[in-house]
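Undergrad: I need the structure of the sequence given here:
(one chain, ligands or ions: 2)
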Amino acid sequence: MENYNNQMKVLAEKLRHMILNFLGMNSEEEKKWVSSKNQFGVIQLNYYPCCPEPDRAMGLAPHTDSSFFTIIHQTQTNGLQIFKECLGWVPINPDPNTLVVIIGDILHIMSNARFHCALHRAIVNNTKERYSMAYFYAPPPDYVISPLVFNSDVPCFHALTVKNYINIKAKNFGGALSLITTT
Ligand SMILES: O=C(O)CCC(=O)C(=O)O
Ligand SMILES: [Fe+2]
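TA: Ligands and ions are numbered 1, 2, ... in the order given. Take a look at the predicted model:
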């Protein structure tokens with residue numbers, strides 16, 4: 001598990017650097033995130049037992065992750081689904097050599113809604129159990145998240161610390177982003 005955590009940290013840091021660079025963040029600003037001593041990668045293990053009536057139960061209810069992004073490893077049982085406008089719930093079926101990267105609320109805010117946080121859920125199966133391992137990656141709690149805007153773009157969200165956003169999310173779930181919009 002420690003090895004997996006270390007490998008995820010390396011991958012997450014590479015991805016973070018590429019994304020922030022793309023969004024136009026300079027290296028001085030990125031250092032404020034990177035130089036923090038606080039731990040900011042967390043692994044969550046999910047177990048979904050077989051369910052005799054899968055249509056009447058839900059493994060994990062629809063939600064967006066509060067993270068910057070989440071890296072998911074899943075066993076070979078279907079269950080993860082992403083909601084897409086016009087298509088509805090789309091299965092993200094497991095592939096042995098593939099990790100799934102889910103955009104979280106913090107990247108949604110920092111990208112000024114150019115990267116959309118993905119509404120997702122996990123359904124259950126009547127013959128197979130399922131495991132997944134989610135690595136939530138986020139800036140440290142005191143880091144101030146604010147939209148990185150291009151040229152004359154108007155920020156869609158107010159700046160706030162990660163800690164503040166997590167508190168708002170804990171009380172308002174899916175309504176959290178709309179509470180910090182500027183319009
Ligand atoms: O089990 C999955 O594939 C999804 C897990 C998930 O969305 C989460 O832990 O936030
Ligand atoms: Fe999730």
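Undergrad: Can you tell me the centre-most residue of this protein?
TA: G104 (3.0 Å; Cα atoms, centre = their mean).
Undergrad: That one and H120, how far apart?
TA: Distance, G104 to H120, by Cβ to Cβ, to the nearest Å: 10 Å. C-betas here are computed from N, CA, C, even on glycine.
Undergrad: shared neighbours, those two?
TA: Here G104 and H120 have T64 as joint contacts, going by Cβ atoms under 8 Å, 6 or more residues apart in numbering.
Undergrad: Run through the residues that contact the residue nearest to the centre of the chain.
TA: If you count contacts by Cβ under 8 Å, 6+ apart, G104 has them with T64, D65, S66, S67, F68, F69, T70, C117, F136, A138.
Undergrad: any chance you could map the helices in the chain?
TA: Assigned by DSSP state H, the chain shows helices spanning 2-22, 27-34, 105-110, 162-172, 176-179.
Undergrad: angle of the helix-or-strand element of the chain with minimal mean pLDDT against helix 162-172?
TA: In the chain, no helix or strand scores lower on mean pLDDT, DSSP states H and E than helix 27-34, which sits at a mean of 87. Here the directions of helix 27-34 and helix 162-172 differ by 60 degrees (axes from the mean of the first three to the mean of the last three Cα atoms, to 10 degrees).
Undergrad: who's in contact with helix 27-34?
TA: E13, R16, H17, L20, P139, P140, Y143.
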